[in-house]
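Visitor: sequence and predicted model, in that order:
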Amino acid sequence: MNRFWHVRSARTATLVSTSLVLLGISVTALVVCLIRLTSGVWPGWISGGLDAIKNTGWDDNRVLGSAIGVSILGLVLLVVALSPGRRKTTLLAWDSPASREEWVLENHGLTRLARYEAQRTDGVHDASPVLRGNRMRIAISTPVHETSAISKAVHENVKAALDAIPLAQDFSIETHTSARGGQ
Amino acid sequence: MWKPNGVRQRAVLALVGLLLLLAGGAIAWTSWTSRTVESAQGPSRIRDSLPIQMPELATFTAGALAVLTVLALLSVLSAFPQKPSKRTFIYRSETGDGISSMETETIARAAQQAARHSSEISDAEIRISGKAQHPVLYARYTLRVESRALDGMNLIRETLIPDLEQALGSQFVEKHISIDFLPRKAEPSNKITLSV
């Protein structure tokens, strides 16, 4: 079964931005060449630049620097293309490739659920959960000075909410509480 | 429900990266080695290394740039994600005297409406693809975060999808289900304010 939801990043933004830059450069160069072919002279807006680089030698520092820059850009694109990338979903226990059923939970949905459960805990002013792999880190702000009880309550509420969902993996929950506001 | 072709996009990106790396590396190597040769043979200009006196060079260059333009444009267009295609299922009677067709989009829309009427589900997006005898389900359900998540998920698995299969007249050979939660800021269940 080919998965539809539980896939790694396709690097769409990187590819589109790179392709648009290359498209812009190639179209501009093509227009310049066509003007040169049809009229016999280079366009005025580029002839100044051409005169400046006419006598540039291979040993020019600008040539070496530009070439190194292009190489680094190429290396970055290669690494981005070959590195695995994160998944945006978490498998549910109901997921079964043998039965050809794919059941996933969106990661941002999971953080929304954790945020809701944390915010409805007594004494919590705001909560910001962040999911990294199988770790959920929740930053809590509270006006209460004794933060240990708040932190423990949030941890229990979020854990209970996650345990109620048939997830295929367990998540560890970390809470970091800061006292803000209050009197 | 938009999904790009990840393998193709990564292959194109890797190819572009490799070409840039090789081109930049070749020019950097030439520039670097020309510094050591310079003292013996004198500095050389880049234009002296190119066959610019060749009259066809401009035509070849224009042709190469046109090809690069088309490839870059195809790369941008192919990066657009797509949804699973809608289907028209055609059913033929066993006796051969009747043919009926069914637009899967109609059934999917009805299933979406039915899902949205439940208290646990805020939104549903359903697409039925595949063939009449082998239908494939692609669905995303957004649950209300304030309701019990397991109730909503059981409703989807044990009621909504079986009802959909019953309406379709056959079981799905593949199911791709995604669950999401609608964001909502929670009010603390018991708020106590003390003022001194």
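Guide: Alright, I've got the coordinates.

Visitor: so what pLDDT did B:Ser44 get?
Guide: Note on B:Ser44: pLDDT of 69.

Visitor: that should have said B:Gly130, apologies.
Guide: Confidence at B:Gly130, expressed as pLDDT, is 86.

Visitor: how near is it to chain A?
Guide: According to Cβ to the nearest Cβ, to the nearest Å, B:Gly130 and chain A sit 11 Å apart. Where you see a C-beta, it was placed from the backbone N, CA and C, and this is true even at glycine.

Visitor: B:Glu56 now?
Guide: According to Cβ to the nearest Cβ, B:Glu56 stands 11 Å off from chain A.

Visitor: can you name the next helix or strand after the lengthiest helix in chain A?
Guide: Using DSSP state H, we find that the single longest helix of chain A is helix A:12-39. Per DSSP states H and E, the first helix or strand lying C-terminal to helix A:12-39 is helix A:44-53.

Visitor: is the helix or strand just after that next one up against chain B anywhere?
Guide: Moving toward the C-terminus from helix A:44-53, the next helix or strand (DSSP H and E) is helix A:61-82. Yes - using Cβ under 8 Å from any Cβ of the partner chain, helix A:61-82 reaches chain B at A:63-64, A:66-82.

Visitor: can you flag the buried ones in these?
Guide: A:63-64, A:67-68, A:70-71, A:73-75, A:77-78, A:80-81 (16 or more other Cβ atoms under 10 Å in any protein chain shown).

Visitor: is the longest helix of chain A anywhere near chain B?
Guide: Yes - for helix A:12-39, a contact with chain B is found by Cβ under 8 Å from any Cβ, at A:12, A:14-16, A:18-20, A:22-23, A:26-27, A:29-30, A:33-34, A:36-37.

Visitor: list buried residues within those residues.
Guide: By 16+ other Cβ under 10 Å, the residues of helix A:12-39 next to chain B give A:12, A:14-16, A:18-19, A:22-23, A:26-27, A:29-30, A:33, A:36 as buried.

Visitor: how much space between the residue lying closest to B:Arg87 once chain neighbours are set aside and A:Gly69?
Guide: Counting by Cβ to Cβ, 6 or more residues apart in numbering or on different chains, the nearest residue to B:Arg87 once its immediate chain neighbours are dropped is B:Thr104, at 4.9 Å. B:Thr104 sits 51 Å away from A:Gly69, going by Cβ to Cβ, to the nearest Å.

Visitor: next one: A:Leu110
Guide: Per Cβ to Cβ, A:Leu110 is found 40 Å from A:Gly69.

Visitor: B:Phe89 now?
Guide: For B:Phe89, the distance to A:Gly69 (Cβ to Cβ) stands at 55 Å.

Visitor: quick check: next helix or strand after the one helix or strand B:Ser101 maps to?
Guide: According to DSSP H and E, B:Ser101 maps onto strand B:99-103. Using DSSP H and E, the helix or strand that directly follows strand B:99-103 along the chain is helix B:104-116.

Visitor: kindly export the next helix or strand after that following helix (C-alpha atoms) in PDB.
Guide: With elements assigned by DSSP H and E, the helix or strand that comes after helix B:104-116 is strand B:121-130. Provided in PDB are the C-alpha atoms of strand B:121-130 (Å, rounded to 0.1, in the frame of the first residue of the first chain):
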ATOM      1  CA  ILE B 121     -16.900  16.300  14.000                       C
ATOM      2  CA  SER B 122     -16.400  19.800  12.800                       C
ATOM      3  CA  ASP B 123     -15.500  19.200   9.200                       C
ATOM      4  CA  ALA B 124     -14.900  16.400   6.800                       C
ATOM      5  CA  GLU B 125     -13.200  16.200   3.400                       C
ATOM      6  CA  ILE B 126     -13.800  13.000   1.500                       C
ATOM      7  CA  ARG B 127     -12.700  11.800  -1.900                       C
ATOM      8  CA  ILE B 128     -13.500   8.400  -3.400                       C
ATOM      9  CA  SER B 129     -11.100   7.200  -6.100                       C
ATOM     10  CA  GLY B 130     -10.100   3.800  -7.600                       C
END
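
Visitor: just checking, what packs against strand B:121-130?
Guide: If you count contacts as 3 or more Cβ pairs under 8 Å, 6 or more residues apart in numbering or on different chains; DSSP states H and E, strand B:121-130 packs onto helix B:104-116, strand B:135-144, strand B:174-182.

Visitor: which parts of it are buried?
Guide: By neighbour count on 16+ other Cβ under 10 Å, the buried set for strand B:121-130 is B:121-122, B:124-130.

Visitor: chain center to that strand, what's the gap?
Guide: 16 Å (Cα atoms, centre = their mean, to the nearest Å).
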